[in-house]
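**Student:** I need the structure of the sequence given here:
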Amino acid sequence: MSLDHRKQSGAVREYAIERRPLAENIEPTESGTLMKRPGGWITTVLWTGGLAWLVTVAAGGVWTLLLVANLATTPSLPWATAIMAPVLWSIWSYLGGKGPTARTSEARRRYLRANPLSVPVFTWALLAGTLSVVSLAGLWIVLFRLVSGNAVPDFSRYPILTVVAILAMASLVSSVVEEAGFRGYFQGVLEGHLGGAAAVLLTDVLIAPAHSLTQGFVWPTVLFYFLVDTMLGTSAYLTKSILPGVTVHTIGLLIFFGLVWPGDRQRESVWHSGADLWFWIHVTQSVVFAVLGAMAFVRLARLGESRRATTS
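**Tutor:** Numbers count the residues shown, from 1 in each chain. Next up is the predicted model:
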């Protein structure tokens with residue numbers, strides 16, 4: 001066998017191991033080999049779902065406590081972000097295989113699904129997600145004018161440096177823990193046994209209460225976050241990586257925190273002021289960019305099929 005052929009075969013084996021369904025419950029032994037963990041895939045679904053919620057609640061709780069203390073004591077100095085940054089990095093690192101114990105390191109790395117992607121795949125995933133975010137921004141405004149929801153807190157009385165630092169960290173905390181726990185650990189297990197569509201849908205259902213607890217259980221909010229989660233879940237399924245989702249999720253939250261949600265306080269209900277020109281502009285924005293985003297996701301899916309065919 002030639003050296004080139006051995007290199008090619010090794011690359012194919014590495015790709016196959018990287019893409020092996022997580023639902024097989026495979027984890028490394030002390031000798032370095034892989035074995036099935038007892039308990040079945042349903043057990044794995046239960047503990048990964050519980051872990052996703054635990055990580056989300058714990059990280060969100062720590063950040064909330066730090067934020068409240070920061071704004072109550074020294075709002076001009078955003079020290080809460082400096083403390084939360086290493087906490088968030090520690091969570092990400094541990095879920096990705098760092099830290100004790102060495103026996104579970106490889107399994108944690110595979111469950112996280114922070115798999116590196118080729119430039120074309122990552123670019124198309126980022127484009128599809130960004131186009132979808134623009135569509136969802138228009139949809140939020142339309143829904144808010146149809147059925148008023150909860151407006152975000154008013155940060156205008158705080159220094160601009162504090163506001164920027166807080167919103168940036170808030171975006172990172174939500175994006176990292178949700179993508180890691182729900183679309184890394186939990187959805188990855190479901191994909192191996194139920195397929196992509198069912199895995200994305202069940203992940204949407206599991207995470208829905210987290211959104212509703214902070215935004216309310218009104219139907220426009222439930223619908224909006226269902227579409228957001230479906231978009232992010234589709235990206236994770238097509239790429240087998242949460243890296244595009246973390247990026248798009250963070251960008252989306254920054255856009256909403258900075259450009260969309262602050263304007264909710266001034267938006268008038270169409271039932272009082274009528275459907276003006278801006279209402280129809282946002283309707284058009286939502287539809288046009290949804291179509292463009294769907295086209296980008298179709299292209300992303302074809303890239304994935306081509307990549308799998310090349311390595312098979």
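
**Student:** would you map the helices across the stretch 1-150 of the chain?
**Tutor:** 3-18, 40-73, 79-95, 105-112, 119-146 (DSSP state H, counting those that start in this stretch).

**Student:** okay, those in CSV with mean neighbour count, mean pLDDT and distance to residue 261 next?
**Tutor:** C-beta coordinates here come from the backbone N, C-alpha and C atoms, glycine included. Shown next, in CSV, are those (neighbours: other Cβ atoms under 10 Å; pLDDT from 0 to 100; distance: least, Cβ to Cβ, whole Å):
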stretch, mean neighbour count, mean pLDDT, distance to residue 261
helix 3-18, 11, 41, 38
helix 40-73, 16, 94, 17
helix 79-95, 17, 97, 19
helix 105-112, 20, 95, 30
helix 119-146, 20, 97, 8
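
**Student:** count of neighbours near the nearest residue to residue 200 once chain neighbours are set aside?
**Tutor:** Leaving out its chain neighbours, the residue that sits closest to residue 200 by Cβ to Cβ, 6 or more residues apart in numbering is residue 233, at 3.6 Å. When counting by other Cβ atoms under 10 Å, one arrives at 26 neighbours for residue 233.

**Student:** contacting residues around residue 233?
**Tutor:** Residues counted as contacts of residue 233 (Cβ atoms under 8 Å, 6 or more residues apart in numbering) are 183, 187, 199, 200, 203, 204.

**Student:** how far away is it from residue 91?
**Tutor:** Per Cβ to Cβ, to the nearest Å, residue 233 is found 21 Å from residue 91.

**Student:** ditto for residue 156
**Tutor:** Distance check for residue 156 against residue 91: by Cβ to Cβ, it reads 31 Å.

**Student:** same check, this time on residue 173
**Tutor:** In terms of Cβ to Cβ, residue 173 sits 9 Å off from residue 91.

**Student:** which ones are touching residue 54?
**Tutor:** Here residue 54 is in contact with residue 181 (criterion: Cβ under 8 Å, 6+ apart).

**Student:** sorry, back to before: ok, of the contacts of residue 233, which come out buried?
**Tutor:** Buried subset of the contacts of residue 233 (neighbour count, 16 or more other Cβ atoms under 10 Å): 183, 187, 199, 200, 203, 204.

**Student:** restricted to helices, list those.
**Tutor:** Among these, DSSP state H puts 187, 199, 200, 203, 204 in helices.

**Student:** could you pull up the residues touching the third one?
**Tutor:** Right, residue 200. 187, 229, 230, 233, 234, 237 are the contacts of residue 200 under Cβ under 8 Å, 6+ apart.

**Student:** if we use 10 Å, what do you get?
**Tutor:** 183, 187, 190-191, 194, 229-237 (Cβ atoms under 10 Å, 6 or more residues apart in numbering).

**Student:** same deal with residue 170?
**Tutor:** 60, 63, 64, 67, 81, 84, 253, 254, 257.

**Student:** make CSV from the residues you listed and add distance to residue 243 to it.
**Tutor:** Output for the contacts of residue 170, formatted as CSV (distance: Cβ to Cβ, whole Å):
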residue, distance to residue 243
60, 22
63, 22
64, 26
67, 26
81, 22
84, 21
253, 16
254, 17
257, 22
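
**Student:** of the buried ones among the contacts of residue 233, closest to residue 299?
**Tutor:** residue 200 (18.5 Å; Cβ to Cβ).
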